[in-house]
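Trainee: take a look and give me a structure for this.
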Amino acid sequence: MVIQFDLSSIPSGATITSAELSLYTYGVNTGTNTLRNGPKSLYKNTASWQENTVNWNNKPAYASTAVASNNTSSTQTWEDFDVTDVIKDIVEDGDDNYGFTLRHTSYNYGIRMRSSEYSTTADRPKLTITYEGGDTQAPEVLIESPSAGQVLTQGASANILWDASDNVGVVSCALYFTDGTRAYELIDSLNSNPGTYAWTVPIDVTSTTCKVKVNAYDAAGNMGFAESGEFTIEPPSSIKPNLFNIPFAEKYNVKITNIQGREVASFVTKDLNQINRMMSSLPSGVHIIRITTPDKIFNKQIRVVR
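Mentor: This next block holds a predicted model:
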């Protein structure tokens with residue numbers, strides 16, 4: 001009879017103080033199927049096995065010395081086995097977890113055991129582990145960018161910046177995005193904690209309530225997270241009509257230069273829409289626009305992304 005338990009729920013760094021395996025078993029005479037009592041021994045497996053294919057002919061190898069024995073005189077009963085040392089080796093020292101083999105001391109007798117699929121849940125095998133300590137502290141996360149109020153352009157590259165720390169260490173992160181109207185969607189899963197990610201801003205989102213979220217995980221599976229403040233995503237041509245809120249005037253002297261100071265356009269007009277059309281046709285880059293009216297001078301720096 002082979003038995004194995006999943007130990008992944010025990011936190012990293014835990015110290016095992018006790019571990020007891022409880023099995024509802026009964027021995028049988030292999031020839032007559034008559035119930036038999038008698039001692040049973042538990043051995044540590046030394047090779048892997050598959051639940052859906054294991055049988056007598058391909059059973060896993062196991063240690064020659066029993067981990068524990070039980071000399072119950074009852075034919076059907078719960079039997080407890082102290083497996084503390086084996087569980088300590090697996091959890092604390094990283095030994096392979098291949099489970100156990102249970103056999104009757106006499107090879108003339110077989111064993112029946114109520115398994116993990118038995119109809120009465122209370123009669124299924126139990127592994128009771130007591131431990132101290134272990135990592136139960138979740139990582140702490142702070143998102144630095146995008147920040148609240150930031151404006152990003154569709155299709156542009158933007159860095160997601162965060163700081164994640166943990167008392168033991170962050171081993172992986174997951175990044176998410178929402179436009180504020182739908183659930184968070186995964187951007188990427190990372191098997192590390194780089195603190196920065198080059199993100200391509202979605203080309204199909206226009207929203208002022210966008211957020212990113214960063215989940216950080218430690219080796220024990222504890223998860224901490226943070227959400228950014230709300231930021232904006234807008235189309236590449238971010239120039240708005242009447243950008244300067246210019247009051248009505250009889251004429252406007254317009255001069256546009258690039259960031260190096262080279263003149264891009266210069267004209268005089270009575271039509272504000274002509275100014276808007278000119279700004280909408282500017283090439284990518286940073287531009288300085290100077291508009292002079294009889295009463296006031298307006299200066300504005302804009303960035304155009306195509």
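
Trainee: quick one, helices of this structure?
Mentor: For the chain, applying DSSP state H gives helices covering 84-93, 272-280.

Trainee: lowest mean pLDDT across the ones you listed, which one is that?
Mentor: If you rank the helices of the chain by mean pLDDT, helix 272-280 sits at the bottom with a mean of 74.

Trainee: what packs against that helix?
Mentor: strand 252-258, strand 263-269 (3 or more CB pairs under 8 Å, 6 or more residues apart in numbering; DSSP states H and E). All C-beta atoms are positioned from the backbone trio N, CA, C, and that covers glycine.

Trainee: burial-wise, tell me which of those strands comes out on top.
Mentor: Comparing the helices and strands packed on helix 272-280 by mean neighbour count (mean count of other CB atoms under 10 Å), strand 252-258 ranks first with a mean of 17.

Trainee: what mean pLDDT does it get?
Mentor: Rounded to a whole number, the mean pLDDT of strand 252-258 is 89.

Trainee: so how far is it from its chain's centroid?
Mentor: Between the centre of strand 252-258 and the centre of its host chain there is 51 Å, according to CA atoms, centre = their mean, to the nearest Å.

Trainee: distance to residue 62 for the helices and strands packed on helix 272-280 - can I get that in CSV?
Mentor: Output for these, formatted as CSV (distance: least, CB to CB, whole Å):
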stretch, distance to residue 62
strand 252-258, 78
strand 263-269, 82
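
Trainee: between those strands, which gets nearest to residue 301?
Mentor: Of all these, it is strand 252-258 that lies closest to residue 301, at 10.2 Å by CB to CB.

Trainee: against which helices or strands is that closest one packed?
Mentor: Counting by 3+ CB pairs under 8 Å, 6+ apart, the elements that strand 252-258 packs against turn out to be strand 263-269, helix 272-280, strand 285-292.

Trainee: redo that, cut-off 6 Å
Mentor: Packed against strand 252-258, as judged by 3 or more CB pairs under 6 Å, 6 or more residues apart in numbering; DSSP states H and E, are the following elements: strand 263-269, strand 285-292.

Trainee: let's have these in JSON lines, adding distance to residue 252 and mean pLDDT.
Mentor: Rendered in JSON lines, the data for the helices and strands packed on strand 252-258 read as follows (distance: least, CB to CB, whole Å; pLDDT from 0 to 100):
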{"stretch": "strand 263-269", "distance to residue 252": "6", "mean pLDDT": "88"}
{"stretch": "strand 285-292", "distance to residue 252": "5", "mean pLDDT": "86"}
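
Trainee: and the strands in the stretch 1-150 of the chain, which stretches?
Mentor: Under the criterion DSSP state E, counting those that start in this stretch, the stretch 1-150 of the chain contains strands at 2-3, 14-29, 35-36, 40-44, 68-70, 77-82, 100-104, 109-113, 126-133, 140-145.
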